[in-house]
Each structure stands twice: as C-alpha cells, then as structure tokens.
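In: Any chance you could fold what I've pasted below:
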Amino acid sequence: MPENNTFEDQYDYEFQEGIDKSYFFETRNGYFYQINFKESNYLFSDFEEINTNLFEFILDLIYPEKNSKIVLDNLILATIAAIFRDFFSKNGHDSVIYIIDSSDSRQAARKRKFDNWVQLFKGDDFFKLDAEIIDKNKNKIFSSLIIKADNPHFNAIIRYFGSLSSENSK
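Out: Predicted coordinates:
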C-alpha cells in the first residue's frame, strides 16, 4: 500500500515501473484490473515551448473477460482515486489525458464514471479540463486533461489542450 494514502476503504494495489507506469488490483468479487499511464508525448509534439510529460490513462479489466457483467463496487472508485494520487506524487508536473472509448456507444456512461473518480481525488490540488472532439463521422469523442494546479506551465498546457480539441473538431 502506498505511503501517505488518504483513502481508508480501498483495495490494495501494486505499482510496476516499466514502459508504462502500471498499477494492478483485485476486487473482492474476483475482478482483476490493470491501470496504465502510457507515455503519450506525441499528443503534445507541437508543444515545444515546455518540456512536460503527458500520459494517457488506460483502465483494463484483465479478468474475467471484458464482456462479463460487472458487480457495482464502490471500492473500485476509491482505489482508482488513490492510484491517481500516487501517480501524481511520483510524477508531480506531468499531465494525464483520458480519451474515452466510444467504440460501443457507451462513452457518456464512461465519462460520468471517470468524472466521479476525478471528483473523489482532485480537491484543490488538481484541475480537470474536458473537451469534445467530433470525428469525421460526426461521432462525439470525450477527452479530459488532468493537471496539478501548481504545475509551472499550467496556463500554457490548458491553452494547448483546448486548441487541440478545437482543431480536431473542424
């Protein structure tokens, strides 16, 4: 269990450093999750003014299979919130982007769930900016940027993220 953890009711998780910064946890119902923070600096490749790292948040249900019925479990929410706090404690001035999967038209439900996770951990320490991108087929793709409020490049990163969503919606 990570130090300085403010969430009492959550699952224990394991962190593994590697190509992606990965976290793993298992629920009391036997679900095994993997969370990756995948380096995604290519999304900010035109943003040369600042040396900042951008990571994409990816949540995968490893076991059982993805099409299994998921049992509602509030400890998952607390665990993911704790993992975000741990990630940022290790990567203070980095940013996280979440591009919400829209392959099965359940993106609105995923966005609501993600918003709840972020609300649980963000407090005054973090800022979340949402964007909607309309693809060439007129599908709505939700994305969010999470950045620490004390990031020295806060304003520039927020402006750049906003410009990306504006350009991609044309």
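In: what's in contact with stretch 35-54?
Out: Taking contacts as Cβ atoms under 8 Å, 6 or more residues apart in numbering, the residues outside stretch 35-54 that touch it are 19-24, 55-60, 80, 83, 87, 91, 93-97, 151, 153, 156-157, 160, 164. Quick note: C-beta positions are derived from backbone N, CA and C, even for glycine.
In: go on, stretch 79-94?
Out: Residues outside stretch 79-94 that contact it (Cβ under 8 Å, 6+ apart): 2, 4-7, 10-11, 13, 15, 21, 23, 25, 35, 37, 52-55, 59, 96, 117-118, 120-121, 125-126, 146, 148, 151-153.
In: buried residues in that stretch?
Out: Within stretch 79-94, the residues scored as buried using 16 or more other Cβ atoms under 10 Å are Thr79, Ile80, Ala81, Ala82, Ile83, Phe84, Arg85, Asp86, Phe87, Phe88, His93, Asp94.
In: Let me see the mean pLDDT of it.
Out: Mean pLDDT, computed over stretch 79-94, is 90.
In: what do you get for stretch 63-71?
Out: 73.
In: before we move on, what about stretch 112-130?
Out: 83.
In: Quick one: end-to-end length of that stretch, please.
Out: End-to-end distance for stretch 112-130: 12 Å, by Cα to Cα, to the nearest Å.
In: can you pull the buried residues of it?
Out: Buried residues in stretch 112-130, counting neighbours by 16+ other Cβ under 10 Å, are found at Lys113, Phe114, Trp117, Val118, Leu120, Phe121, Lys122, Phe126, Phe127, Leu129, Asp130.
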